[in-house]
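1. sequence first, predicted model second:
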Amino acid sequence: MRDLIRLFRLYAPYWRWITAGIALGVITVLANFGLLALAGWFLTAAAAAGLGGIAAQNSFNFFTPAAFVRLFATLRVLGRYAARIVDHEATFRQIARVRVFLFAHLVPLAPLGLGRDRSGDVLARLVTDVERLSDFYPRVLAPAAVAAIAAVAMALVIAAVAPIAGFALFGALLATGIALPLFSLRAGAAPGKAIVAQEALLRAELVDMVQGMPDLLTHGAERPVMTRLAAADTALVGAQRRARAIAGASTALSGFLGNAALAMMLVIAVPLLRAGRISGAEVAFLVFGTWAAFEAVALLGQAFHLLGQIRAAARRVFETVDRTPDVTEPAMSPPRPRGLDLTLRGLRLRYRPEGPWVLDGLDLTIREGERWVLIGRSGAGKTTLTQLLLRFAEYQHGSARLGGVELRAIRGDDVRSLFTVIAQRTFLFHGTLRENLLLAQPAASEAALWRALDIARLADFVRAQPEGLETLVGEGGARLSGGEARRVAIARAVLRDTPWLILDEPMEGLDPLTEALVQTALETVTAGRTVLTITHRLAAVRDSDHVAVIAAGRIVESGTFGTLRHHGIEVPRLLALQSAMTRL
């Protein structure tokens, strides 16, 4: 229930829409009640007047009841139409707010805080679970509020004709309005939770299968995956079948209670008719009014059987929102320092309190404008250092200063505005080349885009495409080669033009010709910037470049490449190893 209260608080800015929707719903229900009850009274009274002869017919007022019947009929149609419009508008606004709210909390968690989640599950929370929350207001909250308000009004109207009938109707509506939702809520909680969990699992399995399809087909492993999918689908269908059975039982119970209320009203009305306390037309008013009144509570059972799914979806959404980001952001950043020297002293970092130290006493100083190469075995801490510099990971001990300012005192967005990263795996969105380039600089002109492509040695390729900059790159850049994708990243770096540039294995996986093109482009891009290159390959390292060797989370050797290649330990060993691999 706490999650639903939090969800309702998110809806608070739209209270005017919610109030208007409930008011229109009440008008619709009361208009339907008035139409049926008055029509029943009118037809019965008209028939009685017809049987009473000319005098009774002349004294009977046909016009006023007929006018009210038309009024109620019109109000019912217009009220229902307006309520649908208002409810849909309120729902769309609410869901847009929830989706933005969730995404805003996902951003600080990325990338490390989402590393434990499957991509399909994150997608399910952002799309499927949020969409399921769209049922809360129009299918649960609004009908319950409308039924509560309308039940009092309709009982008072019935009580004006026969007080005992009004009390009986209110009691029946109250009992039905509580019994049906409680039955549906309790019975539907487990299937609803199972539906949400199984849908998330099925989506995660499908996304993993699609993303890994080439490897699955290569290794002939598609059959076990399909077996898991079939099992997940069977479990989902089973949960849905149980939920549908509960909805059907709720509908049947609603019909039974409605018919029982009609019978109860006849039991009350007939003795009153025989005693002369009410007329035959008023008996019809009570019976038709009861029939109409139960329409207000009839759907509550079906609505509340969804509450189990809504609660489970809300729990998944708020579980994500309540996660603590790995990095705590300061309220605001200090003024940008003039110099951007990087000084790391005694840095210690681990990802979990009980985990090993990934960085363990790391010391490093990089002056503004210098070119540094960081080498080390896999798992030595190279990528972690990059994550730390970009404020994706938090260090627990030591000091990391950029321009003399502690990194944790600077907001992440402000730190990242100083860095550009060209990674081994460049992520390209399913869009055009233009759209992917504009990620780096949304305001870039056409001339700036072509200049960046020229520097990245990609302009000729783009000009050769029939659609030029509007060429679709495909999902993850599937329509581009690895070298072309890498050069798109270089073009982004040209457009971004930050003082710091981090190159993470920029030549990995490239053929010699493409490597030469990328290297030439990088020479232009890195000019005048502070450069930190993370690599295992030393072929392109210059003697004047600074080199730092990292092992077990600390710098074990540093100096210029020219010095270390003759007097170092790790650099000569790595050079000899690469030379031997080349001869093979």
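-> Cool, the structure landed.

2. and after the longest helix anywhere in the chain, which helix or strand comes next?
-> In the chain, ranked by residue count with DSSP state H as the criterion, the top helix is helix 222-274. Downstream of helix 222-274, the next assigned helix or strand under DSSP states H and E is helix 280-298.

3. could you pull up the mean pLDDT of that following helix?
-> The pLDDT scores in helix 280-298 average 87.

4. list the buried ones in that helix?
-> Residues of helix 280-298 classed as buried under the neighbour-count rule (16 or more other Cβ atoms under 10 Å) are 281-298. Where C-beta positions appear, they are placed from N, C-alpha and C, glycine not excepted.

5. and stretch 217-224, by the same measure?
-> In stretch 217-224, counting by 16+ other Cβ under 10 Å, buried: nothing.

6. now the element after the least confident helix or strand in the chain by mean pLDDT, going C-ward?
-> The helix or strand of the chain with the poorest confidence is helix 54-59; it has a mean of 55 (mean pLDDT, DSSP states H and E). Later in the chain than helix 54-59, the nearest helix or strand by DSSP H and E is helix 63-109.

7. packing partners for that following helix?
-> helix 2-11, helix 15-51, helix 130-133, helix 307-321 (3 or more Cβ pairs under 8 Å, 6 or more residues apart in numbering; DSSP states H and E).

8. possible to save these as CSV with distance to residue 431, mean neighbour count and mean pLDDT?
-> Shown next, in CSV, are these (distance: least, Cβ to Cβ, whole Å; neighbours: other Cβ atoms under 10 Å; pLDDT from 0 to 100):
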stretch, distance to residue 431, mean neighbour count, mean pLDDT
helix 2-11, 31, 15, 84
helix 15-51, 34, 19, 86
helix 130-133, 23, 21, 87
helix 307-321, 26, 21, 86
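
9. what's the closest of these to residue 504?
-> Closest approach to residue 504 among the helices and strands packed on helix 63-109 (Cβ to Cβ): helix 307-321, 28.1 Å.

10. dump the closest one to PDB, keeping only the CA atoms.
-> C-alpha atoms of helix 307-321 as PDB (Å, rounded to 0.1, in the frame of the first residue of the first chain):
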ATOM      1  CA  LEU A 307      -4.500  -4.000  -8.100                       C
ATOM      2  CA  GLY A 308      -2.200  -7.000  -7.500                       C
ATOM      3  CA  GLN A 309      -0.400  -6.400 -10.800                       C
ATOM      4  CA  ILE A 310      -0.400  -2.600 -10.200                       C
ATOM      5  CA  ARG A 311       1.200  -3.000  -6.800                       C
ATOM      6  CA  ALA A 312       3.800  -5.400  -8.100                       C
ATOM      7  CA  ALA A 313       4.700  -3.000 -10.900                       C
ATOM      8  CA  ALA A 314       4.900  -0.100  -8.500                       C
ATOM      9  CA  ARG A 315       7.200  -2.100  -6.200                       C
ATOM     10  CA  ARG A 316       9.500  -2.800  -9.100                       C
ATOM     11  CA  VAL A 317       9.500   0.900 -10.100                       C
ATOM     12  CA  PHE A 318      10.200   2.200  -6.600                       C
ATOM     13  CA  GLU A 319      12.800  -0.500  -6.000                       C
ATOM     14  CA  THR A 320      14.800   1.100  -8.800                       C
ATOM     15  CA  VAL A 321      14.100   4.600  -7.600                       C
END
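
11. report the angle between it and helix 63-109.
-> Per axes from the mean of the first three to the mean of the last three Cα atoms, to 10 degrees, the angle that helix 307-321 makes with helix 63-109 is 30 degrees.

12. other residues contacting helix 307-321?
-> 1, 3-4, 6-7, 98, 101-102, 105-106, 109, 125, 128-130, 132-133, 135-136, 140, 184-185, 188-193, 195-197, 200, 243 (Cβ atoms under 8 Å, 6 or more residues apart in numbering).

13. ok, then the element right after it?
-> Next along the chain from helix 307-321, counting by DSSP H and E, comes strand 342-349.

14. and the helix or strand following that next one, how far out from the chain middle?
-> For strand 342-349, the succeeding helix or strand toward the C-terminus, using DSSP H and E, is strand 359-366. Centroid separation between strand 359-366 and its chain, computed with Cα atoms, centre = their mean, to the nearest Å, is 38 Å.

15. whichever helix or strand comes after strand 359-366 pairs with which strands?
-> Next in sequence after strand 359-366, counting helices and strands by DSSP H and E, comes strand 371-375. In the sheet, strand 371-375 lines up against strand 530-534 (parallel), strand 546-551 (parallel) (DSSP bridges).

16. from residue 102, how far out is the residue nearest the centre of the chain?
-> Geometric centre of the chain, nearest residue: residue 126, 1.8 Å, by Cα atoms, centre = their mean. As judged by Cβ to Cβ, to the nearest Å, residue 126 and residue 102 stand 6 Å apart.

17. in the protein, which segments are predicted with low confidence?
-> Scanning the chain for pLDDT under 70 picks out the ranges 48-61, 509-510, 539-540, 578-584.

18. could you redo the last one with a cut-off of 50?
-> 56 (pLDDT under 50).

19. residue 39 contacts residue 291, doesn't it?
-> No - taking contacts as Cβ atoms under 8 Å, residue 39 lies outside contact range of residue 291: 11.0 Å.

20. could I get the helices and strands packed on helix 63-109 as a markdown table with distance to residue 250?
-> Putting the helices and strands packed on helix 63-109 into a markdown table (distance: least, Cβ to Cβ, whole Å) gives the following:
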| stretch | distance to residue 250 |
| --- | --- |
| helix 2-11 | 20 |
| helix 15-51 | 19 |
| helix 130-133 | 19 |
| helix 307-321 | 12 |
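
21. can you say which of these is nearest to residue 555?
-> helix 307-321 (37.1 Å).

22. what angle separates that closest one from helix 222-274?
-> Going by the same axes, to 10 degrees, helix 307-321 makes 130 degrees with helix 222-274.

23. now find how far off-centre helix 307-321 is within its chain.
-> 12 Å.

24. quick one, that helix and helix 2-11 angle?
-> Angle, helix 307-321 to helix 2-11, by the same axes, to 10 degrees: 70 degrees.

25. save the strands paired with strand 371-375 as JSON lines, and put in mean neighbour count too.
-> Listed next are the strands paired with strand 371-375 as JSON lines, based on neighbours: other Cβ atoms under 10 Å:
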{"stretch": "strand 530-534", "mean neighbour count": "23"}
{"stretch": "strand 546-551", "mean neighbour count": "22"}
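
26. in TSV: those, plus distance to residue 341.
-> Shown next, in TSV, are the strands paired with strand 371-375 (distance: least, Cβ to Cβ, whole Å):
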stretch	distance to residue 341
strand 530-534	9
strand 546-551	13
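
27. hmm, who's touching stretch 427-436?
-> By Cβ under 8 Å, 6+ apart, stretch 427-436 touches 439, 449, 462, 467-477, 480, 485, 488, 492.

28. which helices and strands does the one helix or strand residue 565 maps to pack with?
-> Using DSSP H and E, residue 565 falls within helix 561-567. Applying 3+ Cβ pairs under 8 Å, 6+ apart, one finds that helix 561-567 makes contact with strand 546-551, strand 554-560, helix 570-583.

29. most packed of the ones you listed?
-> Sort the helices and strands packed on helix 561-567 by mean neighbour count, taking mean count of other Cβ atoms under 10 Å, and strand 546-551 sits at the top with a mean of 22.

30. extract the CA atoms of it and return them as CSV.
-> Extracted in CSV, the C-alpha atoms of strand 546-551 (Å, rounded to 0.1, in the frame of the first residue of the first chain):
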residue,chain,number,x,y,z
HIS,A,546,54.7,9.3,-20.5
VAL,A,547,53.9,5.7,-19.6
ALA,A,548,52.5,4.3,-16.4
VAL,A,549,52.3,0.6,-15.7
ILE,A,550,49.4,-0.5,-13.4
ALA,A,551,49.3,-3.8,-11.5
